[in-house]
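Asks: My questions concern the predicted model and sequence given below.
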Amino acid sequence: MADTLPVKVTYCGVCTLPPEYCEFGGTTKKCEEWLEKEHPDMHAKLYSQGTPRYPMLLRSSQALSPDTPTEALAQNMSTLSVEAQKRAEKDAAKKATKAATAEKREAETRASSKITIKRIERNKRKYVTAVSGLEAFGLDIKKVSKDFGKKFATGASVTKLPGGGEEITVQGDLSEDIEEFILEKYKDVPEDNIELVEDKKKTKGEKAAANVPAQ
Amino acid sequence: MFKKDISAGAKSKVKSSAQRAIRSKVLEEYPKLEPYIEDILPKKEQLDLVKLPDRVSLYTLNSTPLFFQHMDDALLPHLTLVHKYPTAFHRLRIDRGAIRFVLSGAALMAPGMTSPGGRLPSKDLSAEDQERYGREDLEAGAVVVIEAEGKETACMVGVLKMGTAEMREKKKGQACEAGHYLGDGLWSMAL
């Protein structure tokens, strides 16, 4: 046994656990589909009917169902008392629905949220570009800002917004380039969800006009 | 310890002297890793230290997590490492009923291991199980890897709160400090 180390363990692509623990992850259905596609042999072992993998478990399960075609999963389950099984089942179902709703909600926010790329005039002919709304797509703002800085060779910083939340401020007029870059690099952002906005700094005259009523 | 999702803090390089210290500490704690130590902690490679919340530090090698440590407590192996070298650690087994509790982050209770599906190191086990789970009783404070009935890979790493002999006697109470389990914050953390 010692010379077979290190053991190569496959991890589920859906819930990241080793496949034998998928049944506890809440996304069992998806995990099973994934495993079937990626590792058919392992899928056969874990989910299939027929010979159980763990002969020692047979002791108690034999009494229950000696020759009905039980799945390997069911074989495992049968070592528990009926009551505990029911509880576990209920728990699993609860977990599954929870995971499903969470996923749905995430998809919804994803569909409804927008990335705003704003071009702000800083000083005649000089602009900064502010990007906000990235976090709804599961992106880490700090990392993205670093990427922007690297890609465009300009300063890119994360700034806190007064209304809460954060945005990335990139120096220079880069709105279109940034849009392209986002679409290319982060594939799960749909093009329709990116919005380009222009924000002109108020000229002196407008500012004065805005200030008058306040005084 | 990592029930909530955590995000990695600052990452820094480990001094080579500290690296040597870690290496010797690992060998002292887990002597059975000796043959593989070159694969796990190569002398020439640069280890990284990632700071995690609650004063936990994680040692990584090329962004594969290896060991984590709370303040100056024992170095605990990350589960990916345990999966690679399962034979190198003290192992216990829990019964099937306990798995779902462990995977949702509960502290491990003694009945999960004293029941027929569980395994504690003992002389009464079958030869195969003795090979796997050992014969000698473990003291409180030992680092253990928890396996599960009917599963091949480990599901948790923790520190014993109660000696295994006491566990067998009492069959009650918390047996193991919940450390790091499958699917917890440390497990799902992206480096």
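Replies: Perfect, thanks for sending it.

Asks: Verify the stated contact: A:Gly155 with A:Ile168.
Replies: No. Counting by CB atoms under 8 Å, A:Gly155 does not reach A:Ile168; the two are 10.7 Å apart. For every residue, glycine as well, the C-beta is placed using N, CA and C.

Asks: The two - which one has more neighbours?
Replies: With neighbours defined as other CB atoms under 10 Å in any protein chain shown, A:Gly155 and A:Ile168 compare such that A:Ile168 has more, 23 against 13.

Asks: Just checking the helix or strand where that one lies against chain B, any contact.
Replies: Element membership for A:Ile168 (DSSP states H and E) is strand A:166-171. No. Strand A:166-171 is not in contact with chain B by CB under 8 Å from any CB of the partner chain; minimum separation 14.4 Å.

Asks: Paired strands for that strand, with orientation please.
Replies: Using DSSP bridges, the strands paired with strand A:166-171 are strand A:126-132 (antiparallel), strand A:156-160 (antiparallel).

Asks: any idea of the pLDDT on B:Leu75?
Replies: On pLDDT, B:Leu75 comes in at 88.

Asks: sorry, back to before: dump the strands paired with strand A:166-171 into CSV; add mean pLDDT and mean neighbour count as well.
Replies: Output for the strands paired with strand A:166-171, formatted as CSV (pLDDT from 0 to 100; neighbours: other CB atoms under 10 Å in any protein chain shown):
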stretch, mean pLDDT, mean neighbour count
strand A:126-132, 86, 20
strand A:156-160, 86, 15
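
Asks: Which one of those lies nearest to A:Lys185?
Replies: Ranking the strands paired with strand A:166-171 by proximity to A:Lys185 (CB to CB) places strand A:126-132 first, at 12.7 Å.

Asks: Could you give the residue of chain A that lies closest to chain B?
Replies: For chain A and chain B, the shortest gap (CB to the nearest CB) falls at A:Pro6, measuring 3.7 Å.

Asks: quick revisit: who touches the helix or strand that the strand holding A:Ile168 is followed by?
Replies: Going down the chain from strand A:166-171, the next helix or strand is helix A:175-185, by DSSP H and E. Under the contact criterion CB atoms under 8 Å, 6 or more residues apart in numbering or on different chains, helix A:175-185 has outside partners A:115, A:117-119, A:129, A:131, A:147-148, A:151-152, A:170, A:189, A:191, A:194, A:196.

Asks: Closest to A:Glu103 out of those?
Replies: Out of the contacts of helix A:175-185, the member with the shortest distance to A:Glu103 (by CB to CB) is A:Val189, at 17.7 Å.

Asks: Three-state assignment for that closest one, please.
Replies: When classified by DSSP: H, G, I helix; E, B strand; the rest coil, A:Val189 comes out as coil.

Asks: So, low pLDDT: which residues of chain A?
Replies: For chain A, the stretches with pLDDT under 70 are A:1-5, A:25-26, A:48-85, A:200-215.

Asks: List the residues that contact whichever residue of chain B sits closest to chain A.
Replies: Here the residue of chain B nearest chain A is B:Lys84; by CB to the nearest CB that distance is 3.7 Å. With contact taken as CB under 8 Å, 6+ apart, B:Lys84 is in contact with A:Leu5, A:Pro6, A:Val7, A:Lys8, A:Val9.
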